[in-house]
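Asker: here is a sequence with its predicted model. Questions after.
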Amino acid sequence: MIELSLIGIGTGNPDHVTLAAVRSLNTADLILLPRKGESKSDLVDLRRLLCRSLLEPGSAARIVEFDLPSRDEKKDYLDAVDEWHRAISRVWIELIKRYLPEGGRAALMIWGDPSLYDSSLRIAGRVEESGMAVAVKVVPGITSLQVLTAEHRIPLNTLAEPVQITTGRCLRERGWPDGVSAVAVMLDSGGAFEALVPADIYIWWGAYLGMDKQCLIDGWLGDVGDSIRQRRSELRRQHGWIMDIYLLKRGAL
């Protein structure tokens, strides 16, 4: 039997890793670290740092790095993602069989929390469907949305109002969701808020949240939208990758 732990590690700040996550890492027999190419080497470097910082001297965990399969950008998005998840699950299965042939505890460190716009639980489901005897465990983590509101020192919701969490793709294609005054936007490839009429919209934006390179901008969308686009472009050129998120509110703040 394999116990597969998906461990939320927040946004890369060791101080944001929970005690439950530390315990799970220290009881693992195998920790898998994905590499996403040279342009995103910071991401595996942070995972390495967490291993060095959080694993106790007596830990028996074997740390194995692997190259994450790439997604075909030319195919339909959902079809490409489905194939991508299938390819990643095959890599997980191969590594687990190789390094834990008699069973044991395997762990993966997941940015933020495995439940919020992350595919690790879907990929783990494919591992279960393969016939491998596996029990999936989730260790929740601090999300980028929580860090965004903490760093800007704001409540997520308008008083007594709902919040919708969506993606840049959905915001661009569908516009402002009905019935909500606050929208949190994740996985934006850049500038999806351009699809909105900015007259009464306030934005709180953050990139590399929780990291040393963290950057924050807030203001009325009509005043700071161009600055966010420019700053985002500069940061992406500088670091080769970017993780950002923003919260939009209409009317009263």
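Answerer: Thanks, I have the structure now.
Asker: show me where the protein has its strands.
Answerer: Secondary structure of the chain (DSSP state E): strands at 2-8, 30-35, 62-67, 104-110, 134-139, 163-167, 182-186, 201-207, 215-220, 244-250.
Asker: quick one: average pLDDT of the last one?
Answerer: The average pLDDT for strand 244-250 rounds to 96.
Asker: tell me what angle it forms with strand 163-167.
Answerer: On the basis of axes from the mean of the first three to the mean of the last three C-alpha atoms, to 10 degrees, strand 244-250 is oriented at 140 degrees to strand 163-167.
Asker: each with direction, which strands does strand 244-250 pair with?
Answerer: Note on strand 244-250: by DSSP bridges, its sheet partners are strand 182-186 (antiparallel), strand 201-207 (antiparallel).
Asker: what's the closest of those to residue 221?
Answerer: Closest of the strands paired with strand 244-250 to residue 221 is strand 201-207, at 4.3 Å (criterion: C-beta to C-beta). Yep, even glycine has a C-beta here, placed from its N, CA and C like the rest.
Asker: quick one: the closest one to strand 215-220, angle?
Answerer: 180 degrees.
Asker: export strand 201-207 to PDB, keeping only CA atoms.
Answerer: Extracted in PDB, the C-alpha atoms of strand 201-207 (Å, rounded to 0.1, in the frame of the first residue of the first chain):
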ATOM      1  CA  ILE A 201     -13.600  48.700  -9.900                       C
ATOM      2  CA  TYR A 202     -10.800  48.700  -7.300                       C
ATOM      3  CA  ILE A 203      -8.000  46.200  -7.700                       C
ATOM      4  CA  TRP A 204      -5.500  44.600  -5.200                       C
ATOM      5  CA  TRP A 205      -2.800  42.800  -7.200                       C
ATOM      6  CA  GLY A 206       0.200  40.800  -5.900                       C
ATOM      7  CA  ALA A 207       3.000  38.800  -7.500                       C
END
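Asker: how close does residue 192 sit to residue 167?
Answerer: The spacing between residue 192 and residue 167, counted by C-beta to C-beta, to the nearest Å, is 8 Å.
Asker: higher neighbour count, these two?
Answerer: Set residue 192 next to residue 167 and count neighbours by other C-beta atoms under 10 Å: residue 192 wins out with 19 against 15.
Asker: tally of neighbours for the closest residue to that one other than its chain neighbours?
Answerer: Leaving aside its sequence neighbours, residue 192 sits nearest to residue 168 (C-beta to C-beta, 6 or more residues apart in numbering; 3.7 Å). By other C-beta under 10 Å, the residues close to residue 168 number 20.
Asker: quick revisit: now the strands of the chain in CSV, with distance to residue 48?
Answerer: Listed next are the strands of the chain as CSV, based on distance: least, C-beta to C-beta, whole Å:
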stretch, distance to residue 48
strand 2-8, 15
strand 30-35, 7
strand 62-67, 8
strand 104-110, 10
strand 134-139, 19
strand 163-167, 29
strand 182-186, 25
strand 201-207, 22
strand 215-220, 24
strand 244-250, 23
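Asker: returning to that earlier point: just send the strands paired with strand 244-250 back as JSON lines, with mean pLDDT too.
Answerer: Shown next, in JSON lines, are the strands paired with strand 244-250 (pLDDT from 0 to 100):
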{"stretch": "strand 182-186", "mean pLDDT": "97"}
{"stretch": "strand 201-207", "mean pLDDT": "97"}
